[in-house]
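Chemist: Give me coordinates for this.
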Amino acid sequence: MSRNYGFVKPAPDDTAYVLGGATKLPKIVLQKDGQWGEFLPQYEPQFNSVFDSYGCTIWGSQNGIETLLKRIEVEDKEWNFSERFNYIIAGVRPPGADPHVVLESIRKNKVVPDSLLPMTTSFTEFLTPDPMEKKYMDEAQKFPYIVWHEWVINGNISLAEQKVKMIEALTYSPLLVAVDAWNPSGDKYVRLGKDGHWTVIFGYVYGDHWLCFDSYDHSIKKLDFDFGFTYVKRLYLERVEENLKAQVSILTKIVEALKKAIFLQKILNALGFADREFGAVRSSKWSEVRRAFITKFPLCAVCGKKGTLLSPNECHHQNPFHIHPELELLESNLITLCRVHHLWWGHLGNFKSFNKDVREDARIMNDKILHRP
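Modeler: Here you go, the predicted model:
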């Protein structure tokens with residue numbers, strides 16, 4: 001008979017990675033045959049004789065991470081993380097949790113060895129310390145990986161498409177899956193109801209069954225090949241130092257781009273082009289007036305936001321300079337706009353055009369933003 005062991009249906013999240021989507025994790029093939037059996041961690045049940053944690057999203061997710069770690073780490077060791085630590089931090093309580101929320105908590109807060117906060121004999125003790133103590137939070141930050149995750153399946157798709165996606169994803173990592181637990185049929189388990197459990201798929205025999213490493217009853221189960229899955233995630237572990245290198249590389253590129261922009265500006269100044277607009281020569285006082293106006297009115301008149309180093313707010317002429325050069329330095333003819341709204345509110349999407357009603361349009365939109373429901 002089906003029952004719930006701690007799985008809560010994931011809430012919609014448009015920011016979550018999806019296999020094959022525009023934002024995705026690297027596709028690094030680690031197990032070409034999709035079989036992870038030799039890397040499974042030790043079996044740890046999510047319950048004891050006194051209580052059931054309803055923590056399958058913690059146990060299942062950690063089992064997947066531990067399996068992947070055993071495959072990619074050179075050192076031959078058993079990885080065993082504290083379920084209690086992540087259970088408390090993620091705020092898991094009966095009847096369970098959203099696995100995406102749990103994995104995001106693991107990504108942000110990381111993991112600690114099971115020896116620091118092991119399983120307990122009582123549920124009250126299992127829920128301590130809460131809030132989590134700083135010494136454990138600090139210890140977690142020593143974990144040398146960032147745990148990334150993405151959806152392989154997130155909703156109902158055909159059985160044929162499920163199999164193709166899962167077989168591909170199994171070459172990258174073991175899979176975390178939601179299942180209907182547990183309905184035996186011969187030597188396999190079949191789906192008879194809705195998802196109520198979160199566990200690990202670590203391999204398959206094509207056309208016959210999926211191999212499941214579970215936190216309940218018996219650690220290894222066979223699921224019918226036509227079991228049908230609705231929620232499936234794969235994992236990716238990135239070393240912290242590699243992530244830092246990538247961030248430094250991005251910052252370096254930004255700095256280099258700024259240097260080139262400043263260098264180009266100096267060249268234009270030297271050639272006398274910097275203070276020209278549509279052939280008209282800017283006043284020698286324009287730079288000073290523009291700077292003073294932005295200092296006095298730093299916020300975009302449309303969205304009310306302040307500019308940044310990489311996207312500074314701009315000073316716009318309500319009556320364009322190339323038509324009314326005599327109004328160039330008048331404060332009453334100027335308005336502060338961010339880069340986006342300079343183009344769309346100030347120039348109607350084309351810098352060769354202009355909006356004579358920009359001040360009134362900006363006021364109306366800013367009022368709408370300030371009082372939006």
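
Chemist: Count the neighbours of Glu44 for me.
Modeler: Under the neighbour criterion other CB atoms under 10 Å, Glu44 is assigned a count of 17. Bear in mind the C-beta positions are built from the backbone N, C-alpha and C, glycine included.

Chemist: Next, it: phi, psi?
Modeler: The phi and psi values for Glu44, taken as degrees, to the nearest 10, are phi -130, psi 110.

Chemist: in the stretch 1-150 of the chain, what spans have low per-residue confidence?
Modeler: 1, 14-23 (pLDDT under 70).

Chemist: That one: strands as residue ranges?
Modeler: In the stretch 1-150 of the chain, the strands defined using DSSP state E, counting those that start in this stretch lie at 145-154.

Chemist: Next, give phi and psi for Ile28.
Modeler: According to degrees, to the nearest 10, Ile28 has phi -100, psi 110.

Chemist: can you pull the contacts of it?
Modeler: Contact partners of Ile28, counting by CB atoms under 8 Å, 6 or more residues apart in numbering, are Tyr172, Tyr236.

Chemist: What of Phe293?
Modeler: Cys315, Glu331, Leu334, Thr336.

Chemist: for Lys222, same thing?
Modeler: Lys222 is in contact with Asp187, Lys188, Tyr189, His209, Trp210, Leu211, Cys212, counting by CB under 8 Å, 6+ apart.

Chemist: And Glu78, by the same measure?
Modeler: For Glu78, the contact set (CB under 8 Å, 6+ apart) comprises Pro41, Gln42, Lys70.

Chemist: List only those of those residues flagged as buried.
Modeler: For these, a burial check counting by 16 or more other CB atoms under 10 Å picks out Pro41, Lys70.

Chemist: Next step: the contacts of Phe293 restricted to strands.
Modeler: Members of the contacts of Phe293 lying in strands (criterion: DSSP state E): Cys315, Leu334, Thr336.

Chemist: Now the first one. Nearest residue, chain neighbours left out?
Modeler: It refers to Cys315. Nearest non-adjacent residue to Cys315, counting by CB to CB, 6 or more residues apart in numbering: Arg290, 4.4 Å away.

Chemist: what's the answer for the last one, then?
Modeler: Ranked by CB to CB, 6+ apart and with sequence neighbours excluded, the top spatial neighbour of Thr336 is Phe297, at 4.6 Å.

Chemist: So which residues of the protein form helices?
Modeler: Along the chain, counting by DSSP state H, helices occupy 56-72, 83-89, 99-109, 123-126, 134-140, 159-169, 240-271, 286-296, 339-341, 358-370.

Chemist: Dump these into JSON lines; add distance to Ser49 as well.
Modeler: Converted to JSON lines, the helices of the chain look like this (distance: least, CB to CB, whole Å):
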{"stretch": "helix 56-72", "distance to Ser49": "17"}
{"stretch": "helix 83-89", "distance to Ser49": "17"}
{"stretch": "helix 99-109", "distance to Ser49": "25"}
{"stretch": "helix 123-126", "distance to Ser49": "12"}
{"stretch": "helix 134-140", "distance to Ser49": "26"}
{"stretch": "helix 159-169", "distance to Ser49": "35"}
{"stretch": "helix 240-271", "distance to Ser49": "39"}
{"stretch": "helix 286-296", "distance to Ser49": "69"}
{"stretch": "helix 339-341", "distance to Ser49": "61"}
{"stretch": "helix 358-370", "distance to Ser49": "58"}
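
Chemist: wait, which of these is closest to Leu25?
Modeler: Counting by CB to CB, Leu25 lies closest to helix 159-169 out of these; the figure is 10.3 Å.

Chemist: Need the residues that contact the closest one.
Modeler: 19, 34, 152-153, 157, 175, 201, 204, 206, 210, 225-226, 228-229, 232, 234.
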